[in-house]
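*Asks:* sequence-free structure coming up:
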């Protein structure tokens, strides 16, 4: 493949969200009481509390990338780099990535759900881990942790 052909590679990105429809309502657990003698940094405590909160799959308002679907599409087009190894082998396909959008919008717990090729998988994981904060999901007027699955389509042209 010559240089011009490589530069003309277009990444097709599918912004379909594959979310499980099942949802079991979970009651919030009361926060543990802290002893006055213990000194806990409030930032550390909030992170610990957040990690204990349930990860939901269905909420009133799903998390959204800043700028909406068009913003996500633009982010992926600008940041995904088609691995040369996969280009040389002519490998294409959909890589599915699952992650949790935290209460503050951070992308956390990124994992591969469906693999295509080592190099494509690695690139999809890299780009999702580097994402800026999202607008968090909302349930009953409060920001909650939400599981989100996103397909990323690698296509040679």
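*Replies:* Happy to help now that I have it. Bear in mind that the values here come from a model prediction, so they are computed numbers and not experimental data.

*Asks:* other SSEs contacting the longest strand seen in the chain?
*Replies:* Using DSSP state E, we find that the single longest strand of the chain is strand 142-154. Other elements packing on strand 142-154 under the criterion 3 or more CB pairs under 8 Å, 6 or more residues apart in numbering; DSSP states H and E are strand 55-56, strand 93-101, helix 118-129, strand 137-139. Bear in mind the C-beta positions are built from the backbone N, C-alpha and C, glycine included.

*Asks:* what about 7 Å?
*Replies:* If you count contacts as 3 or more CB pairs under 7 Å, 6 or more residues apart in numbering; DSSP states H and E, strand 142-154 packs onto strand 55-56, strand 93-101.

*Asks:* Output the below-cut-off pLDDT ranges for the protein.
*Replies:* 1-51 (pLDDT under 70).

*Asks:* same thing but at 90, please
*Replies:* Applying pLDDT under 90 to the chain picks out residues 1-53, 157.

*Asks:* what's the angle between the longest strand of the chain and strand 93-101?
*Replies:* 170 degrees (axes from the mean of the first three to the mean of the last three CA atoms, to 10 degrees).

*Asks:* Give me the buried positions along the helix or strand hosting residue 76.
*Replies:* Secondary structure from DSSP states H and E places residue 76 in helix 68-79. For helix 68-79, a neighbour-count test (16 or more other CB atoms under 10 Å) marks 72-73, 75-76 as buried.
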